[in-house]
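Peer 1: got a predicted model here, sequence first, then my questions.
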Amino acid sequence: MASWLTTSPNALLAVVLSTLGIYVALIVLTRLAGLRSFSKISGFDFAMTVAIGSIIASTILTPSPPLLQAAVGLATVYAVQFSVGWLRKRAFWFSRLVDNEPLLLMAGSEMLHDNLREARVTEADLWAKLREANVLDPKQVRAVVFETTGDISVLHGEAEGTLLNPRLLTSVRDRERVTGGDA
């Protein structure tokens, strides 16, 4: 039988032990770092989640890196996330450096085509997100925001009379198209 279909019992045991070891390291580090560890609040958070997944996969499926190196790698990623979070809270310039700015894609029922182009979102993508948000008529839309994580948020209400609280658009580029300059 082809050697790429089989493996030795020792290799299987190494996979089991590596999986258990890196799982324990992940739990300990996540408990120390807190709930933000796996959030997708910012693009940086998403990148950290991908890095953690990559380290875990490499540890489980390959003999190199050894478990201790992988645990140190995980601890380093968590330390970087903690440091970036600390700096983001204390230095506005640093926050602007590492965070994307949310972008308004629709102001009411009006599509902002320049912003769609900048975000590389097509009208078809936007219509799909409106359907996903159960928008029955574009007149229901108050705002559509391309978030820092790549998600698209659709803020909508009844066609008449529902006002949008300007604070919901804090830090969103072009928010004045909806709020009239408030927020």
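Peer 2: Cool, got the structure. Numbering: from 1, shown residues only.

Peer 1: now for the helix or strand of the chain with the lowest mean pLDDT, which elements pack on it?
Peer 2: In the chain, the helix or strand scored least confidently by mean pLDDT, DSSP states H and E is helix 92-98, which has a mean of 84. Counting contacts by 3 or more Cβ pairs under 8 Å, 6 or more residues apart in numbering; DSSP states H and E, helix 92-98 packs against helix 67-90. All C-beta spots, glycine's among them, are computed from the backbone N, C-alpha and C.

Peer 1: how far away from the center of its chain is the helix it packs on?
Peer 2: Between the centre of helix 67-90 and the centre of its chain there are 17 Å (Cα atoms, centre = their mean, to the nearest Å).

Peer 1: what does that helix rub up against?
Peer 2: For helix 67-90, the surrounding residues in contact (Cβ atoms under 8 Å, 6 or more residues apart in numbering) are 17-18, 21-22, 25-26, 29, 32-33, 36-37, 44-45, 48, 51-52, 55-56, 58-59, 65, 94-95, 98-99.

Peer 1: which among those residues count as buried?
Peer 2: Neighbour counting by 16 or more other Cβ atoms under 10 Å classes 18, 21-22, 25-26, 29, 33, 37, 44-45, 48, 51-52, 55-56, 58-59, 99 among the contacts of helix 67-90 as buried.

Peer 1: okay, now the nearest residue to residue 110 once chain neighbours are set aside: neighbour count?
Peer 2: Residue nearest to residue 110 in three dimensions, not counting chain neighbours: residue 177, with 7.9 Å by Cβ to Cβ, 6 or more residues apart in numbering. When neighbours are defined as other Cβ atoms under 10 Å, residue 177 has 18 of them.
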